[in-house]
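[1] Pasted the sequence and its predicted model underneath.
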Amino acid sequence: MSTATKNPSAAGPASGRKAPAGERVADWADGRLGIYGLAKANMRKIFPDHWSFMLGEVALYSFIIIILTGVYLTLFFQPSMGEIVYHGPYEPMQGIRMSEAYASTLKISFEVRGGLLVRQIHHWAALIFLAAMFVHMMRVFFTGAFRKPREINWLFGFLLFVLGMFTGFTGYSLPDDLLSGTGVRFTQGAILSVPIVGTYISMFLFGGEFPGHDFVARFYSIHILLLPGIMLGLLVAHLILVFYHKHTQFAGPGRTNKNVVGMPLLPVYMAKAGGFFFLVFGIIAAISAIATINPIWAIGPYRVDQVSTGAQPDWYMGFAEGLVRVMPGWEINLWGHTLALGVFIPLVGFGVVLTAIAVYPFIESWVTGDKREHHILDRPRNAPTRTGFGVAWITAYFIGLVGGGNDLWATHFHLSINSITWFVRIFFFVGPVIAFIVTKRICLGLQRRDREKVLHGRETGIIKRLPHGEFVEIHEPLSPEQLHTLTAHEQYQPLDLGPAVDENGVKRKISPVQKLRAKLSKGYFADGNQIPKATPEEYKEISEGHGHH
Amino acid sequence: MKKLSARRRHPLAAVVVLLLALAATGGLYAAFAPAGKAQADETAQSLAIEEGKKLYAVGCASCHGTGGQGTTDGPSLVGVGSAAVDFQVGTGRMPAQQPGAQVPKKKVIYSQAEIDQLAAYVASLGAGPITPTDKQVDPAGADVANGGELFRTNCAQCHNFTGKGGALTEGKYAPDLEGVSPKHIYEAMQTGPQSMPSFPDTTMPEQEKKDIIAYIETVNGDETESPGGLALGGLGPVSEGLFAWVFGLGALVAVAVWVAAHTAKAKKS
């Protein structure tokens, strides 16, 4: 490490004095890893500032917290269904037969130092992870951030959400308690309902008849290795793509489709993100110290002959639970085979609900036919049909959740569980339609308001009386920045298929697919489905006419 | 015979006949009359029944009929036993406020003495489960773990893992068992009020009932500890999910807004 052999270009001032230790370490590393080039390219990476851009960060940080706490839990958890008799400190379980998995979870809760807190952090962080992914996904949806070039990243994110659901499911099934055992049984029932292959898959997954002796160990591998491994890979890919595409931004003065306005990664975002990580960790830890989650000691060990009321999955599986709960128990018996439609249809519905949101970006880009890149976000009101779809989807999802908790809605609001079930059956279909119409109307109303604001200015609330006695409200013209922000969005024209007959009077061939596309396009962009934004000409005419309104 | 008839006009004959008649009556009475002790009880019991009948006529007869035979508004009380009365009236369910899916628990309006009198009257209509004694329902020394296993096998389907209650069909429900006295839990098991099945001693012996009571006291009593912090109603993943969304994600979004609002500002020149 003598200065004599050092690369002179990196040695700083060639005065012969020793460089500071930090610089020398950096230099040493750079010579071997080439991190200077990497850092140089990315240190000044710009990220725009908006609170909703941090929702994905919440998901990322809670994922890290889950991994950290999960590692601790693996040190003490026994993924075994071997039966033992409990002789631990928890009195109400003395002498009860239970699996080693359940016993070791009791041990983590009552005997391992910090075990209960870590367990609760792990579980609360999982609920928050899924919730954060959900709102992050909705943010991306409603602002149109999924458009080209980010469709693949949308799918990565969607996969992370779905894998998160199943990682959560396999995770809360591990303690082999009565609640999760009921959930596993429920899942096995859903698998069995699949025609032809259902019974084979069930036998394969559980290593024989339910519950067998294998599922905890198998779920354990899936939960700690397989799914998190895939998720980690997807997560890295997700982040690389965010870096590669650069972050989207809301419209504003100085912001174009070709730049990003914000703060650099180093030092501002590094500090912010680092600090935010600890805030997220702190809040999750505080919640875990305050509130119980999944008190398996009160729930009891799983036994196939026992079941409790109020047996629901964690919230992210709740809408699937709801679909099964409200589905009439239809069944077809044909040639000695039973088709359990009462379970199989909800199972398909579960896939349909998830797929609907996943494929939406592709449907929209097909309808618009827009192949350009978009880095400026939409305000939800400026895409009324998309926003309507999004709210309709959330409505269906929420109605499913209501169905999943129908017993608690019944007891807490003094309603009949049968009425709630019927409500869910009807509003799972009707609710989204109403939500779509209402949302679209609201969006159009807001668009009209924006147009009005642009053309007539902001209402000041100051009433002026004119010499001849008329009262008028003074409108204050918007600043050029505000005008730009409110009119920056572009508006598509509905797809025109051209005349049905060509100039020679011969009927043109238009495929039904194209006809459907034109119809959808009309639904998106025709008059009445979006409000034309104020044009410069209109603005000029009005502002040159009479000043105050 | 002649000797006897010759003396029938003797001045003492009437006295002798009287003595004989008295002795016969007294002897017969002594032979057939119930024992003295039983006689005293009968008096107290009949008094209670009398009083109970009066209370019944005022508070119960409009629905259950003047003789407990039942009407279209209320079931027959013949054979329900004193335990059923003690439970229904002792938890305030009876007299019912209004007809509905289920008669809810409410403020008790009779004193225990009055409840006992009502129970005595209803018990007098036909034999049924008897109000348990304090010793019968005392959970001291019972096996909590066994109680838990019995509870999860027999009760949790409706009352939830730890007796927090749950929904039944058409607005009916299994109530939360927190704060229910051991006696009333015992009586409920014995008599099966409203939608609840009954668990007579033949299917669930006294000791098992005690175990269950001990379990409920342990996991859903006033002194139940919640090692993990707030129990969130003990309702499972629904309340946990709600808490995660409202307080967890709510706090995190608030923090995100705060962090975004306190950004490094470029100096304006």
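    Cool, the structure landed.
[2] so what's the residue nearest to A:L279 when sequence neighbours are not counted up against?
    In space, and not counting its chain neighbours, A:L279 is closest to B:V255: 5.0 Å by Cβ to Cβ, 6 or more residues apart in numbering or on different chains. C-beta here means a position set from N, CA and C on the backbone, and glycine is covered the same way. Applying Cβ atoms under 8 Å, 6 or more residues apart in numbering or on different chains, we find B:V255 in contact with A:F276, A:L279, A:V280, A:I283.
[3] Neighbour-wise, which one of these leads?
    A:V280 (27 neighbours; other Cβ atoms under 10 Å in any protein chain shown).
[4] check which helix or strand covers the residue lying closest to that residue once chain neighbours are set aside.
    Nearest non-adjacent residue to A:V280, counting by Cβ to Cβ, 6+ apart: A:Y61, 4.1 Å away. Taking DSSP states H and E as the criterion, the element that holds A:Y61 is helix A:55-74.
[5] Buried residues in that helix, which are they?
    Buried positions in helix A:55-74, judged by neighbour count with 16 or more other Cβ atoms under 10 Å in any protein chain shown: A:55-66, A:69-70, A:72-73.
[6] by contact count, what packs against it?
    Counting contacts by 3 or more Cβ pairs under 8 Å, 6 or more residues apart in numbering or on different chains; DSSP states H and E, helix A:55-74 packs against helix A:115-142, helix A:227-245, helix A:270-290, helix B:250-261.
[7] Could you pull up the mean pLDDT of that helix?
    Mean pLDDT, helix A:55-74: 96.
[8] tell me the angle that helix makes with helix B:250-261.
    Relative orientation of helix A:55-74 and helix B:250-261, computed by axes from the mean of the first three to the mean of the last three Cα atoms, to 10 degrees: 130 degrees.
[9] Past helix A:55-74, which element shows up next along the chain?
    With DSSP H and E, the next secondary element past helix A:55-74 is strand A:83-85.
[10] So that following strand, near chain B or not?
    No. On the criterion Cβ under 8 Å from any Cβ of the partner chain, strand A:83-85 is out of touch with chain B, staying 10.3 Å away.
[11] How many residues are close by B:H262?
    B:H262 has 9 nearby residues by other Cβ under 10 Å.
[12] May I have the phi/psi pair for it?
    The phi/psi pair for B:H262 (degrees, to the nearest 10) reads phi -100, psi 60.
[13] To B:Q190, which of the helices and strands packed on helix A:55-74 lies closest?
    Nearest to B:Q190, of all the helices and strands packed on helix A:55-74, is helix A:115-142, at 38.4 Å by Cβ to Cβ.
[14] about what we covered before: point out the most buried one among the helices and strands packed on helix A:55-74.
    Comparing the helices and strands packed on helix A:55-74 by mean neighbour count (mean count of other Cβ atoms under 10 Å in any protein chain shown), helix A:115-142 ranks first with a mean of 23.
[15] all strands of chain A, in order?
    Assigned by DSSP state E, the strands in chain A fall at A:46-47, A:83-85, A:97-99, A:249-250, A:263-264, A:332-334, A:337-339, A:376-377, A:458-465, A:471-476.
[16] Just name the most buried of the ones you listed.
    It is strand A:376-377: most buried of the strands of chain A by mean count of other Cβ under 10 Å, with a mean of 22.
[17] is it anywhere near chain B?
    No. Applying Cβ under 8 Å from any Cβ, one finds strand A:376-377 separated from chain B by no less than 15.0 Å.
[18] partner strands of that strand, parallel or antiparallel?
    When pairs are called by DSSP bridges, strand A:376-377 turns out to pair with strand A:249-250 (parallel).
[19] surely A:S521 meets A:P494?
    Yes. In this structure, A:S521 is within contact of A:P494 by Cβ atoms under 8 Å, at 4.7 Å.
[20] These two: which has the busier surroundings?
    In terms of neighbours (other Cβ under 10 Å), A:S521 is the more surrounded of A:S521 and A:P494; the figures are 22 against 18.
[21] distance of A:P264 from B:G165?
    For A:P264, the distance to B:G165 equals 56 Å [Cβ to Cβ, to the nearest Å].
[22] Could you do A:S521 as well?
    On the measure of Cβ to Cβ, A:S521 and B:G165 end up 53 Å apart.
[23] B:Q117 too?
    With distances taken as Cβ to Cβ, B:Q117 is found 31 Å from B:G165.
[24] next one: B:A244
    The value you get for B:A244 to B:G165, if Cβ to Cβ is used, is 23 Å.
[25] These two: who's more crowded?
    Just comparing B:A244 and B:G165: by other Cβ under 10 Å the higher neighbour count belongs to B:A244, 29 against 23.
[26] Apart from its neighbours in sequence, what residue is nearest the more buried one?
    Per Cβ to Cβ, 6+ apart, closest to B:A244 is A:L127, 3.7 Å.
[27] any idea of the pLDDT on that neighbour?
    At A:L127, pLDDT is 96.
[28] now do B:T153
    What the model reports as pLDDT for B:T153 is 94.
[29] Make sure it is actually in contact with A:V304.
    No. With contact defined as Cβ under 8 Å, B:T153 and A:V304 do not form a contacting pair (11.5 Å).
[30] Quickly list what A:R465 is bridged to.
    A:F471.
[31] from memory it sits against A:F471, does it?
    Yes. With contact defined as Cβ under 8 Å, A:R465 counts as touching A:F471 (5.5 Å).
[32] so who does the residue positioned nearest the centre of chain B touch?
    When Cα atoms, centre = their mean is applied to chain B, the residue found nearest the centroid is B:F87 (2.1 Å). B:F87 makes contacts with B:R93, B:H184, B:E187, B:A188, B:T191, B:P193, as judged by Cβ under 8 Å, 6+ apart.
[33] Let's see that with 10 Å instead.
    B:80-81, B:93-94, B:115, B:119, B:129, B:131, B:180, B:183-193 (Cβ atoms under 10 Å, 6 or more residues apart in numbering or on different chains).
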